[in-house]
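Trainee: my questions concern the predicted model and sequence given below.
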Amino acid sequence: MPNSPADEQRINAIRFLAVDAVQKANSGHPGMPMGAAAMAYALWTRHLRFNPKDPHWLNRDRFVLSAGHGSMLLYALLYLTGYGLGLDDLKSFRQLGSRTPGHPEAERTPGVEATTGPLGQGIANAVGMAIAEAHLGAAYNRDDRPIVDHYTYCICGDGDLMEGISQEALSIAGHLKLGKLVLLYDDNKVSLAGPTDVTLTDDPVARFDASGWHTQFVDADHGNDVAALDAAIAVAKNVPDRPSFIAVRTHIGYGSPRQDNYTAHGEPLGPDNVKKAKELLGWPLEPDFYVPDDVLAFYRQCGAKGADLEAQWQQTYDAWKRENADLASTLERILAGKLPQNLPWPAFTAENGSVATRDAGGTVMNAIAKSLPELIGGSADLDPSTKTYLKDCGDFQPGNYAGRNVHYGVREHAMAAITNGITLHGGLLPFAATFFNFLDYCKPAVRLAALSELHDLFVFTHDSVFLGEDGPTHEPIEQLATLRAQPNTYVVRPADSLEVLEAWKLAIARKGAPWILVLTRQKVPFLGQRDAAVAKGAYVLNDAQNGRPDLILIATGSEVSLAVDAKKILEERGVATRVVSMPCWELFDQQERSYRDEVLPPAVGARMSIEAAATLGWAKYVGDRGFAFGIDHFGASAPAAAIAKAFGFTAENVAQLALDKFSLAVR
């Protein structure tokens, strides 16, 4: 059935806002918004529950544009429905400081739910949002008062499905039977460099079928048919026990001379083609950014309906709150970003504190888990190794969405991006865990967490070559340097169980950035009761007897105890030595100059860092006269003690290196 003239005009408003913005910027991707406009229109005007006046309404439907290069599709909709974007924002598309960057950025633009652009990430974000909705609903809904009861929608493209993360994400979503997740595929058969059939000839519908999804295909005759698209979404919403995939055959650059051609993907149409497209689709040539009054009024009315939807929900919430005061108090605390008072933190002593820091981490997590119901997460099939399983908190599985242990399987790519999605949804504090060397699989999502200022917790264990026999394929070398180079990221490598405890206190409280806890496989000694000033990033653990060191040893993680042992040898040989534990560079750099100079006196040039990892970056702390001792090569397969001896990580070797390097006077 042909669309009504009114629907055609409303869809064309989306198309030409995108076309004009890309053309004005002389940069961007017009083809996807032109081809997917009808799909987005059907979703936003007939199904999506949202309130532009309250973009953070808890029970709104979530919408993720995984194909983030088509950002003008989303910006056009946000402008039209009244999210606070103005035409001036669209006219400043891709310009410095604008609220309409080249790819959507969460929090920069009202209504943008997730930062997308690296393809496939948005699909996994949407899976995370659906997990969050399912868990919160199971935890807080009561009887006929569903206070968390919404859908998560995502539009993706060919590139999203080509990236491997999508397979991981759709696989776990199918296993978990996330029935309120709907993925719409802009199946236009064109990618940036040419037709997709030069690289992509699999059957995406069969792929999703095989992974336990409900699937539909909207053919080319109906890819712009609002009634057909509306019906497909309605069917998807009525499949409660499977996520839904709707493949929609569209035409990239619809209505332009570049329709169905890859040149419509990643560059402006050009003035002549813009004119021809407007003529073909019956759109006024002037002015640019034109939206008929009745079209804008229609969209604004769609947005205004959200206030009524939220008001109806608020009535449900108020009744629920009266009947469930304790639950409401907990939920409102979490949504306000506050922690419970007097969390039951464990105590570590000489009797119980000499353990691997991964074990200490597990002890801390389980001590606070019952009092911190927002803590949810899991590992990449490594719970027994990462020690991150929350005991007596249940498994998040079909039939038990109240469980808090998410079994991600060997899917690190998706795990990290799903964690981002859980955080973006709101109401939960998620963690993800794996071996540190597999940061390589998690890195794209960890970077997006930092860019998006997400309060994620990442637990990486088996943090150095001292994991031993698994060998160099599993032994991290450059990962610490990689993460430390990433802006807005806190990387903490604790020296013992007490530092682990302090690190966890910071990690759950400090928002606006991901926290990375880097923990050992091997046992490390308890370094004594003390003020373990992890919050300051570095502190004097063991000072020279007179407080006036000739040498400063700076170490992190398991190498701190090594520095303490080396100090004993050096002191016996007459070298006044200070040991500084530096669990977090980023926190230390935030301290006042006076404190930093107190810990690392500028007058003491004899400084040696000790870390079983790449030495890149340590020059900042050891200075021009200092020495960074580390591992700037790959590891080996051997017991940890043999590796330590072979690579020089013994107290005797560290002490001798210091003596030789700095020509220190020896008694």
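Mentor: Ah, there it is. Numbering: from 1, shown residues only.
Trainee: can you tell me how far residue 641 is from residue 474?
Mentor: Computed with C-beta to C-beta, to the nearest Å, the distance linking residue 641 and residue 474 is 17 Å. In this view, the C-beta of every residue, glycine as well, is placed from N, C-alpha and C.
Trainee: those two - which one has more neighbours?
Mentor: Shown here are residue 641 and residue 474; by other C-beta atoms under 10 Å, residue 474 has more neighbours (18 against 13).
Trainee: and the more buried one, what does it touch?
Mentor: 435, 437, 462, 467 (C-beta atoms under 8 Å, 6 or more residues apart in numbering).
Trainee: touching the lowest-mean-pLDDT helix or strand in the chain from outside, list them.
Mentor: The weakest-scoring helix or strand in the chain, judged by mean pLDDT, DSSP states H and E, is strand 194-195 (a mean of 87). Residues outside strand 194-195 that contact it (C-beta under 8 Å, 6+ apart): 189, 262.
Trainee: parallel or antiparallel, which strands does it pair with?
Mentor: Partners of strand 194-195 in the sheet, by DSSP bridges, are strand 190-191 (antiparallel).
Trainee: so which of the contacts of residue 474 wins on neighbours?
Mentor: Neighbour counts for the contacts of residue 474, by other C-beta under 10 Å, peak at residue 462, which reaches 27 neighbours.
Trainee: re the thing from before, and the contacts of residue 474, which of them are in strands?
Mentor: residue 435 (DSSP state E).
Trainee: now, the most widely separated pair of the contacts of residue 474?
Mentor: The most widely separated members of those, counting by C-beta to C-beta, are 437 and 467 (8.6 Å).
Trainee: which residues do those two both contact?
Mentor: Residues touching both residue 437 and residue 467 by C-beta under 8 Å, 6+ apart: 474, 475.
Trainee: from the contacts of residue 474, which one has the minimum pLDDT?
Mentor: pLDDT across the contacts of residue 474 is lowest for residue 467, at 94.
Trainee: hmm, residue 137 and residue 149 touching each other?
Mentor: Yes. If you go by C-beta atoms under 8 Å, residue 149 and residue 137 touch, sitting 6.0 Å apart.
Trainee: quick one: end-to-end length of stretch 545-556, please.
Mentor: This stretch, stretch 545-556, spans 22 Å end to end (C-alpha to C-alpha, to the nearest Å).
Trainee: what do you get for stretch 335-343?
Mentor: 18 Å.
Trainee: next, the buried residues of that stretch.
Mentor: For stretch 335-343, the buried set under the neighbour-count rule, 16 or more other C-beta atoms under 10 Å, comprises 339, 343.
Trainee: could you do stretch 174-192 as well?
Mentor: Buried-residue list, stretch 174-192, by 16+ other C-beta under 10 Å: 174, 176-191.
Trainee: same check on stretch 562-581?
Mentor: So for stretch 562-581, counting by 16+ other C-beta under 10 Å, buried means 562-567, 569-571, 573, 575-581.
Trainee: in what helix or strand does residue 44 lie?
Mentor: helix 31-46 (DSSP states H and E).
Trainee: send the alpha carbons of that helix over as CSV?
Mentor: Only the C-alpha atoms of helix 31-46 are listed here, as CSV (Å, rounded to 0.1, in the frame of the first residue of the first chain):
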residue,chain,number,x,y,z
GLY,A,31,22.8,7.8,2.0
MET,A,32,21.8,5.9,5.2
PRO,A,33,19.4,8.5,6.5
MET,A,34,17.7,8.8,3.1
GLY,A,35,17.2,5.0,2.9
ALA,A,36,16.3,4.3,6.5
ALA,A,37,14.0,7.3,7.0
ALA,A,38,10.8,5.4,6.6
MET,A,39,11.9,2.7,9.0
ALA,A,40,12.9,5.2,11.6
TYR,A,41,9.7,7.2,11.1
ALA,A,42,7.5,4.1,11.6
LEU,A,43,9.4,3.3,14.8
TRP,A,44,9.5,6.8,16.3
THR,A,45,6.0,7.8,15.6
ARG,A,46,4.1,4.6,16.1
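Trainee: show me what secondary structure element comes after that helix.
Mentor: strand 62-65.
Trainee: which residues touch residue 232?
Mentor: For residue 232, the contact set (C-beta under 8 Å, 6+ apart) comprises 216, 218, 246, 248.
Trainee: no more questions from me, cheers.
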